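*Asks:* kindly return the folded structure for what I paste below:
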Amino acid sequence: MAGNNHSEAREWVISILVAVVLAFVIKSFLFDFVLVQGSSMYPTLKNGERLVINKIEYEIGSPDYGDIVVLKHSANVDYVKRVIGKGGDTIEVKNSKVYRNGEMLDEPYVNTEKSYEDFAQVTVPEGKYFVMGDNRAVSLDSRYASVGFIDEDSIIGHVVFRFWPFTNFGTV
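*Replies:* Sure, this is the predicted structure:
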């Protein structure tokens with residue numbers, strides 16, 4: 001009997017260790033969870049929502065136009081923004097409309113409650129990205145020197161799923 005208890009306890013310890021290692025690998029390399037803080041992505045994402053991000057996707061490919069990404073801004077601050085431009089693109093904002101390479105973008109996801117400032121045309125350097133929040137009037141994004149153009153290495157992952165609140169459960 002005592003041998004059985006010892007064997008069962010050992011199986012439990014091994015199972016727990018395997019689960020911890022798997023969770024670590026998944027969180028470190030494949031997927032992660034983020035909390036939306038603030039209103040820069042309103043109405044697409046709201047303060048307090050919880051998201052799943054795919055961390056491996058951009059190891060294989062690159063961010064695309066319209067992708068919602070999480071990026072490392074500083075040691076303790078991550079931002080959630082939308083990819084608007086890639087290396088070589090020209091970006092300009094006139095009358096609360098964004099133009100990429102001279103063509104106005106169709107952006108039904110943008111908060112139109114408030115207008116936002118014009119932004120003089122810039123060319124996105126090769127290997128960089130231009131990102132903006134969906135709530136343009138309050139978003140700190142590539143239009144501002146404190147954020148600027150984004151290195152691909154600064155992009156942590158692609159937002160793929162919202163899991164909280166349950167009323168908005170699903171893809172973003």
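*Asks:* ok, Glu113 - contacts?
*Replies:* Residues in contact with Glu113 (C-beta atoms under 8 Å, 6 or more residues apart in numbering) are Ala137. (Glycine included, C-beta is placed from N, CA and C.)
*Asks:* show me where this structure has strands.
*Replies:* All strands of the chain, identified by DSSP state E, fall at 31-35, 50-54, 68-72, 78-86, 90-94, 97-100, 103-104, 119-123, 128-132, 150-151, 155-164.
*Asks:* same list, those, but as a markdown table with mean pLDDT, mean neighbour count and distance to Leu17 please.
*Replies:* Putting the strands of the chain into a markdown table (pLDDT from 0 to 100; neighbours: other C-beta atoms under 10 Å; distance: least, C-beta to C-beta, whole Å) gives the following:
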| stretch | mean pLDDT | mean neighbour count | distance to Leu17 |
| --- | --- | --- | --- |
| strand 31-35 | 81 | 15 | 21 |
| strand 50-54 | 91 | 18 | 25 |
| strand 68-72 | 93 | 21 | 29 |
| strand 78-86 | 96 | 23 | 30 |
| strand 90-94 | 97 | 17 | 49 |
| strand 97-100 | 97 | 17 | 50 |
| strand 103-104 | 97 | 10 | 55 |
| strand 119-123 | 97 | 14 | 51 |
| strand 128-132 | 98 | 25 | 39 |
| strand 150-151 | 94 | 19 | 36 |
| strand 155-164 | 89 | 19 | 26 |
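*Asks:* quick check: the gap between Ala23 and Pro125.
*Replies:* In this view, Ala23 and Pro125 are 38 Å apart by C-beta to C-beta, to the nearest Å.
*Asks:* and these two? Which one has more around it.
*Replies:* A side-by-side neighbour count of Ala23 and Pro125, using other C-beta atoms under 10 Å, places Pro125 first with 13 against 10.
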